[in-house]
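> Predicted structure and sequence below. I'll ask about it afterward.
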Amino acid sequence: MTWWLITFARRGSARYLSHLDTSRVVQRTFARAGVPIALSEGMRPKPRISLPLPLPVGAAGASELAVIEVPEGVEATTDVLKALRAASPPGVEPLHIVDAGERHPRPQASAAEYACVLDGDAGAIAAAVERYSDAEHAIRERVSPKGTRRLDLKDYAGDVVATPVEGGARVGFTIRRRSDGAARPQELIDLIAEWAEVEPVMRGLERLGIAWDHGLPSPQAGQRKELST
């Protein structure tokens, strides 16, 4: 068996897919392209596929990652990548294939870069972003069925910038992932919007990139092969 790392984009109407639906789309794309996916063992075999970092429903993704095991003898070639692209539904585009070899890669995300548009006074939004950058702490409460948790957004969200656009401002930011989890993009935007006195609606949210800190094979391993067209 061999593990592949598939980088793909999710845009347009596909950004409204759930995490599970996105996984199913990738699986069906392989089936339509005639590329087999290895199955797990046991009474109810399942395709060996995972998406290590869920993308929020409604968000586009410029460089998402799928980890897929394929049967022995299935090679990652340029023709395979072209077949996957041809078999993909609108809004989903395979970008690269990395052949990671026989060892199961377990990628761990350390940070993700996002951008969205906030409607309203661009000056007020920029002032709120500056206030956040200068703040030592930004405590928010997260309410869930498990109870209420207080978290300091400054521990998780940084590199916040606001650029004026028509009708508002484009807000770019980085969400850092720690051992205790990560902040949600909406939590940061809620705070910025509250300080700017605008509606906390993220328009056109996109994950621009992901930094992976472990689990990916080293390029020096001699078995890694990356394909793109």
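Perfect, I can see it now.
> where do the helices sit along this protein?
19-33, 78-87, 122-134, 185-196 (DSSP state H).
> Surely residue 205 touches residue 58?
Yes - counting by CB atoms under 8 Å, residue 205 does reach residue 58; the two are 6.4 Å apart. C-beta here means a position set from N, CA and C on the backbone, and glycine is covered the same way.
> So which of the two has more stuff around it?
residue 205 (21 against 12; other CB atoms under 10 Å).
> Would you mind measuring from the more buried one to residue 170?
11 Å (CB to CB, to the nearest Å).
> Between the two, which contacts overlap?
Applying CB atoms under 8 Å, 6 or more residues apart in numbering, one finds that residue 205 and residue 170 are jointly contacted by 115-116.
> Can you pull the poorly scored residue ranges out of this protein?
214-229 (pLDDT under 70).
> how's it carved up into domains?
The record's domain parsing of the chain by automatic domain parsing lists 2-107+214-228, 121-198.
> Nearest approach to residue 113 belongs to which of these?
domain 121-198 (5.3 Å; CB to CB).
> Would you mind putting the helices of the chain into a markdown table with mean neighbour count and distance to residue 9 alongside?
Formatted as a markdown table, the helices of the chain follow (neighbours: other CB atoms under 10 Å; distance: least, CB to CB, whole Å):
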| stretch | mean neighbour count | distance to residue 9 |
| --- | --- | --- |
| helix 19-33 | 17 | 12 |
| helix 78-87 | 16 | 11 |
| helix 122-134 | 17 | 27 |
| helix 185-196 | 20 | 18 |
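> CSV for those, including distance to residue 8?
Formatted as CSV, the helices of the chain follow (distance: least, CB to CB, whole Å):
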stretch, distance to residue 8
helix 19-33, 7
helix 78-87, 9
helix 122-134, 31
helix 185-196, 20
